[in-house]
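Novice: any chance you can model this:
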Amino acid sequence: MIDVNKLLEILLYQKDDPILFNSAFFFYFFAIFLLCYLAVGRSKEGRVWVFTIFSLYFFYKACGMYVGLVILSAIVDFNLSRYIYDSESKRQQKGLLIISIVLNLGLLFFFKYTDFFIGIINDLHLGKVEPLKLLLPIGISFYTFENLSYTIDVYRREIKPVDNFMDYLFFLSFFPKLMMGPIVRAADFIPQISQPYVLDAEDIGKGMYLIIGGLFKKVVISDFINQNFVQYIFDDPSKHTGLECLLGVYGYALIIYCDFSGYSDMALGIARWTGFKIPPNFDSPYQSSSITEFWRRWHISLSSWLRDYLYIPLGGNRKGKVRQYINLGLTMLIGGFWHGASWNFIFWGAMHGSALAVDKVRLDWLKKRGGGVTGWAGTLLKIGGILLTFHFVCFCWVFFKATTFQDSWALLHQVVYDFQPGVWLELYNGYTAVFWVMLLGFVLHFLPKRTEQFTEHALSRVPVVGSVVIMVVFIWLLVQVKSSQPMMPIYLQF
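Specialist: This is a model prediction of the structure:
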């Protein structure tokens, strides 16, 4: 007999157990969704309704009644964009755009930054205000930016507004990218809605590679290293030697990449299986030989969004070199603040902004000299650039990961003043499996692109039955190695 209470407990939102791509519940959810989606595959309206209903339920399972914010945001920007497009008055268009920007950023600001500024007021003794302790709606940073890019593009006459509200709600609530991105633009996504749903061998192979690879990065690499090593280091860096702290920072660099890119890959893979192609969000960022290249490879959707809707409107490189460097710094400072209401994130953004400005000076200097060094000297410089960029990024990750400035400086103090390289063997014996998984993670990250292409092509040639077997076997293996308590994705807090 079915236990109704148990069933309701599973189906209803649980604050301490949100739906995750690597949870058992999601596999059942996705299987049922896929069956329903395939059943209406020939009908554009059927696909939109099925996908939207499942997406809204997915969001409800992730953060409860905050699902209403997605619907409200869709209603507001769907109508405002149409008013903007239909208006013949430039002044009225600009006024409506400002309303959209204020409403979207106001909603984000209220949930994400209210307590931060209340803390500043209290710290400066300007008043005694009780923090609201608001629960941050999952995905709000991502769908807010998607709303903004849509209304701004309509205002610029780069796209026409959507005629059907359900199409826009579908775009905004699309569950694969709802929780952790990537930030998808309406101009790239909405035209695909009306295209016939055709799934070929390439889609199956590419989707399977992305889903399997994403799960592997998230569960096998990121969760394992985090749970068994890195979280101990960052909980109290002063209790660990400098060598442990340094390895903990290297571990975190791998964790945040595998965690975030793993989720992004799964989103791309699921989208591919349902007939949608979303641009990749990561491109082996630790292979970058400069900080400029790093930001072309890391969180690509955010980097390009900040470039097109913040850096360029600020003036970009059109108002002289000094102004360009200031614009770079401001863009990254705001990008840091987007990640969270914390001075650590602001400092992290400021460091990256300053580095980008300095690197721009270097690039301009090389351009005047006719380019960089070639041959073996150029290869050595490239390797040196990769090592320097990686360690600068790792230095900044310390502030990104640590809860407070005090914790950040405590970890760096240990690395500089209490390194103790002699504990290496003892450390290796205590964390053997962790270090081998870390090595595996970095080796996979630095594999050439052709390895990925070869694997995708091989999977695309596997028959459907074989694909199902591969997925089932992989999920079974995943269950054997995954932690009993699912690790929350890092970017869930943003």
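Novice: tell me how far the nearest residue to residue 339 once chain neighbours are set aside lies from residue 155.
Specialist: In this structure, residue 339 finds its nearest non-sequential neighbour in residue 345, 4.6 Å apart by Cβ to Cβ, 6 or more residues apart in numbering. Glycine gets a C-beta too; all of them are placed from N, C-alpha and C. Residue 345 is 29 Å from residue 155, where distance means Cβ to Cβ, to the nearest Å.
Novice: same check, this time on residue 366
Specialist: 38 Å.
Novice: who has more neighbours, those two?
Specialist: Neighbours per residue, other Cβ atoms under 10 Å: of residue 366 and residue 155, the larger number sits with residue 155, 22 against 12.
Novice: any idea how far residue 169 is from the residue nearest to the more buried one when sequence neighbours are not counted?
Specialist: Nearest residue to residue 155, sequence neighbours excluded (Cβ to Cβ, 6+ apart): residue 97, at 4.7 Å. Relative to residue 169, residue 97 is positioned 21 Å away (criterion: Cβ to Cβ).
Novice: one more: residue 350?
Specialist: From residue 350 to residue 169 the distance is 37 Å (Cβ to Cβ).
Novice: skipping adjacent residues, who's closest to residue 26 in space?
Specialist: Residue 26 sits nearest to residue 19 (Cβ to Cβ, 6+ apart), 5.7 Å away.
Novice: if I read this right, residue 207 contacts residue 265, doesn't it?
Specialist: No. Using Cβ atoms under 8 Å, residue 207 makes no contact with residue 265, being 10.1 Å away.
Novice: who's more crowded, residue 350 and residue 169?
Specialist: residue 169 (21 against 18).
Novice: how about that one, what does it touch?
Specialist: 52, 70, 71, 74, 78 (Cβ atoms under 8 Å, 6 or more residues apart in numbering).
Novice: the last one in helix, strand or coil?
Specialist: Residue 78 falls in the helix class when you classify it by DSSP: H, G, I helix; E, B strand; the rest coil.
Novice: show me what the helix or strand that residue 322 is a member of packs onto, helices and strands only.
Specialist: Counting by DSSP states H and E, the element that carries residue 322 is helix 321-339. If you count contacts as 3 or more Cβ pairs under 8 Å, 6 or more residues apart in numbering; DSSP states H and E, helix 321-339 packs onto helix 300-306, helix 312-314, helix 343-368.
Novice: deepest of the ones you listed, which one?
Specialist: helix 300-306 (a mean of 21; mean count of other Cβ atoms under 10 Å).
Novice: still on that earlier bit, just the buried ones from the contacts of residue 169?
Specialist: Among the contacts of residue 169, those buried by neighbour count (16 or more other Cβ atoms under 10 Å) are 52, 70, 74, 78.
Novice: and for residue 36, the neighbour number?
Specialist: By other Cβ under 10 Å, neighbour count at residue 36 equals 17.
Novice: now swap in residue 45 and tell me
Specialist: Neighbour tally, residue 45, other Cβ under 10 Å: 11.
Novice: quick one: pLDDT of it?
Specialist: On the pLDDT scale, residue 45 is placed at 95.
Novice: that one: which element?
Specialist: Per DSSP H and E: helix 44-63 holds residue 45.
Novice: show me what counts as buried in that helix.
Specialist: 44, 47-48, 50-52, 54-63.
Novice: hmm, back to that, quick one: secondary structure of the residue nearest to residue 26?
Specialist: Strictly by three-state DSSP, residue 19 counts as coil.
Novice: do residue 279 as well
Specialist: coil.
Novice: relative to residue 268, how far out is it?
Specialist: Distance from residue 279 to residue 268, by Cβ to Cβ: 8 Å.
Novice: what touches both of the two?
Specialist: Contacts common to residue 279 and residue 268, judged by Cβ under 8 Å, 6+ apart, are residue 182.
Novice: out of the two, which sits in the more crowded spot?
Specialist: Between residue 279 and residue 268, counted using other Cβ under 10 Å, the more crowded position is residue 268 (26 against 14).
Novice: state the mean pLDDT of the host helix or strand of that one.
Specialist: Element membership for residue 268 (DSSP H and E) is helix 242-273. When pLDDT is averaged over helix 242-273, the result is 95.
Novice: ditto for stretch 469-485
Specialist: 73.
Novice: repeat for stretch 385-392
Specialist: pLDDT averaged over stretch 385-392 gives 97.
Novice: repeat for stretch 213-227
Specialist: On average, stretch 213-227 scores 92.
Novice: who touches it?
Specialist: 21-22, 251-252, 254-259, 261-267, 269, 433-434, 437-438, 440-441, 474-475, 478, 481-483, 486-487, 489.
Novice: next, the buried residues of that stretch.
Specialist: 213-226.
Novice: again with stretch 420-428
Specialist: Burial within stretch 420-428, assessed by neighbour count using 16+ other Cβ under 10 Å, is assigned to residue 427.
Novice: tell me where the stretch 51-200 of the chain has helices.
Specialist: 67-86, 90-123, 140-155, 165-173, 175-178, 186-193 (DSSP state H, counting those that start in this stretch).
Novice: how about those, which one is nearest residue 470?
Specialist: helix 175-178 (20.3 Å; Cβ to Cβ).
Novice: count the neighbours of residue 403 for me.
Specialist: So residue 403, with other Cβ under 10 Å, has 11 neighbours.
Novice: what's the model's confidence in stretch 423-438, averaged?
Specialist: Mean predicted lDDT for stretch 423-438 stands at 94.
Novice: poorly predicted segments of the protein, please.
Specialist: 1-2, 371-373, 480-487, 491-494 (pLDDT under 70).
Novice: contacting residues around stretch 265-280?
Specialist: Residues contacting stretch 265-280 (Cβ under 8 Å, 6+ apart): 21, 30, 34, 37, 47, 51, 174, 176-177, 180-182, 184, 188-189, 192, 195, 197-199, 203-204, 206-211, 213-215, 217-218, 264, 281-282, 300-301.
Novice: quick one: that stretch to chain centroid distance?
Specialist: Relative to its parent chain, stretch 265-280 has a centroid offset of 14 Å by Cα atoms, centre = their mean, to the nearest Å.
Novice: tabulate the CA atom coordinates of it in CSV.
Specialist: Output of stretch 265-280 as CSV, limited to C-alpha atoms (Å, rounded to 0.1, in the frame of the first residue of the first chain):
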residue,chain,number,x,y,z
ASP,A,265,27.8,20.5,-18.7
MET,A,266,24.8,18.6,-17.4
ALA,A,267,22.6,21.6,-18.3
LEU,A,268,24.0,21.6,-21.8
GLY,A,269,23.6,17.8,-22.2
ILE,A,270,20.0,17.8,-21.0
ALA,A,271,19.3,20.7,-23.3
ARG,A,272,20.9,18.9,-26.2
TRP,A,273,18.7,15.8,-25.6
THR,A,274,15.6,18.0,-25.7
GLY,A,275,16.5,19.8,-28.9
PHE,A,276,18.2,22.9,-27.6
LYS,A,277,21.8,24.0,-28.1
ILE,A,278,23.2,26.2,-25.4
PRO,A,279,26.6,27.8,-25.8
PRO,A,280,29.3,26.3,-23.5
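Novice: tell me which residues of that stretch are tucked away?
Specialist: Under 16+ other Cβ under 10 Å, the buried positions of stretch 265-280 are 265-276, 278.
Novice: ok, now stretch 63-70?
Specialist: Buried, per 16+ other Cβ under 10 Å, within stretch 63-70: 63, 64, 66, 67, 69, 70.
Novice: and the third one, how far is that from residue 111?
Specialist: Applying Cβ to Cβ, one obtains 9 Å for the distance of residue 66 from residue 111.
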